[in-house]
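Colleague: Just a sequence and a predicted model for now, questions to come.
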Amino acid sequence: MSGLPSHRARLFTLLSASSLTVMAGATIAPGLGLMQEHYGGDPTLVKLVLTLPGLFTAAAAPLAGWLSDRHGRRGVLLAGLILYALAGTQGLWAGSLTELLVGRAVLGMAVGFIMTCATTLVLEYWEGEEQRRALGWQNAFMSFGGVVFQLLGGFLAEALGWRGPFWVYAAPLPLALVAWFLLPEPVRHVQRGGPPDPATRRRLRGFLMLLSALAFVHMVVFYYLPVQTPFLLKEIGVRSPSAVAAAISGATLFAGLASLQYARLRRRLGIGAGFALAFALVGLGYGVVFLQAGYWAIIAGLSVASLGFGLARPNFTAWLHAHVPGPARASAVAVMSSSIFLGQFCTPFLSAPLIRAFGLPGAFLASGLLLSALGVWLWRRESRSATT
């Protein structure tokens, strides 16, 4: 990000790789109805085509971190890109739904490899202000990519049938070739003075447990947006798929716009205050959603909440970078990624008790208030750590 073309090309390559994690699900979502018509049977199995990769991403990310810390980031990323293309395009020829689900599981593993290594390389190629801008761009690309890939998948499904969107999964093959030339292996971080002492290892484990738990909760609450919004809008009489898609896509755009401002935010606020602001926006936005004052009011509330999510995502990665030394960084990113995708998979199950207890609007409010409280607690915790 220093202005050199090679640096900009390197960043764009990593941003493109990061967007593949969103593409894994967004591309085929518009064609699920046609897929159900083709295969018939239990609709739940067709829905698994969309959600199953997240579970295998959560399982594969720790392996990716272990391999990356021991054998290098570049090779694991390239392997993930090639595996992604092979498993993703399998939908073009898969005969049975079982075959398709196997391919989706392998795709999820590839996403774990790509996300772990792409994020670690962003942390290791850049420092300081350049790193903060790169983190903001990375999360913005993922947000904007969700909108673009949904639209592209819908066009291809309508033009070519439900298998049409699977052609998009061939994109990582040329990207892997570009990455081979533009992404060198970063300088290995050597731990001086031998391995860390037991107290340091305990502190690192404690931090990773806290980071993982908070990233998990954050993703569960964030995933209300795609999972629960259709049902929320149905409660106020909005049933049009295009109106629902507009609400979700519009709010997602605000997350991307907020991520682009992350570097500017970090110049003014520390990590703890950044969490407090981000989660307060989520609480405010979900509070507006709770009022159910009409379609446009709900969109406004979701958009405000998305601003908070867009600020929180890069802040998690910056927090990790501040606490985890280089030799263990890829493994730490893998643990965080695993928690994020596990939260994505668990959202429908963990939100169900809240919905039964408070209703769907009340579940939005309760979850937003929980994140707001966690933001204040993190602010106080990081402030105390800075003074000791």
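Modeller: Here it is on my side, so go on.
Colleague: how about the helices in this protein?
Modeller: Taking DSSP state H as the test, the helices found in the chain are 5-26, 32-39, 43-71, 73-88, 97-125, 128-160, 172-182, 198-222, 224-235, 241-260, 262-268, 271-291, 295-323, 329-387.
Colleague: So what angle separates the directions of the fifth one and helix 172-182?
Modeller: Pointing back at helix 97-125 there. 20 degrees (axes from the mean of the first three to the mean of the last three Cα atoms, to 10 degrees).
Colleague: Repeat that for the third one.
Modeller: Our comparison of helix 43-71 with helix 172-182, counting by the same axes, to 10 degrees, yields an angle of 10 degrees.
Colleague: buried stuff in helix 43-71?
Modeller: Of the residues in helix 43-71, those scored as buried under the neighbour-count criterion (16 or more other Cβ atoms under 10 Å) are 46, 48-65, 67-69. Glycine gets a C-beta too; all of them are placed from N, C-alpha and C.
Colleague: Equivalent analysis for the shortest one, please.
Modeller: Of all the residues in helix 262-268, those buried under the rule 16+ other Cβ under 10 Å are 262, 263, 265, 266.
Colleague: Dump that helix to PDB, restricted to CA.
Modeller: Written as PDB, here are the backbone C-alpha positions of helix 262-268 (Å, rounded to 0.1, in the frame of the first residue of the first chain):
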ATOM      1  CA  TYR A 262     -11.500   1.400   9.700                       C
ATOM      2  CA  ALA A 263      -8.000   2.900   9.300                       C
ATOM      3  CA  ARG A 264      -9.300   6.400  10.000                       C
ATOM      4  CA  LEU A 265     -11.200   5.100  13.100                       C
ATOM      5  CA  ARG A 266      -8.000   3.400  14.500                       C
ATOM      6  CA  ARG A 267      -6.100   6.700  14.300                       C
ATOM      7  CA  ARG A 268      -8.600   8.100  16.700                       C
END
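Colleague: helices or strands next to it in the packing?
Modeller: Counting contacts by 3 or more Cβ pairs under 8 Å, 6 or more residues apart in numbering; DSSP states H and E, helix 262-268 packs against helix 128-160, helix 271-291, helix 295-323.
Colleague: gap between the second one and the chain center?
Modeller: If I follow you right, that is helix 271-291. The chain centroid and the centroid of helix 271-291 are separated by 18 Å, computed with Cα atoms, centre = their mean, to the nearest Å.
Colleague: weakest of the helices and strands packed on helix 262-268 in terms of mean pLDDT?
Modeller: Of all the helices and strands packed on helix 262-268, the minimum mean pLDDT falls on helix 128-160 (a mean of 85).
Colleague: Report the buried residues of that one.
Modeller: Within helix 128-160, the residues that qualify as buried by neighbour count (16+ other Cβ under 10 Å) are 130-150, 152-154, 156-157.
Colleague: thinking again about what came up before, tell me the one of the buried residues of helix 262-268 nearest residue 249?
Modeller: residue 262 (21.1 Å; Cβ to Cβ).
Colleague: Would you mind measuring from the closest one to residue 123?
Modeller: Per Cβ to Cβ, to the nearest Å, residue 262 is found 14 Å from residue 123.
Colleague: now residue 376
Modeller: Applying Cβ to Cβ, the value for residue 376 to residue 123 is 27 Å.
Colleague: Have a look at the two and say which one is more surrounded.
Modeller: Between residue 376 and residue 123, counted using other Cβ atoms under 10 Å, the more crowded position is residue 123 (23 against 14).
Colleague: Now do the domain split for this structure, please.
Modeller: Domain assignment for the chain by automatic domain parsing gives 1-183, 201-388.
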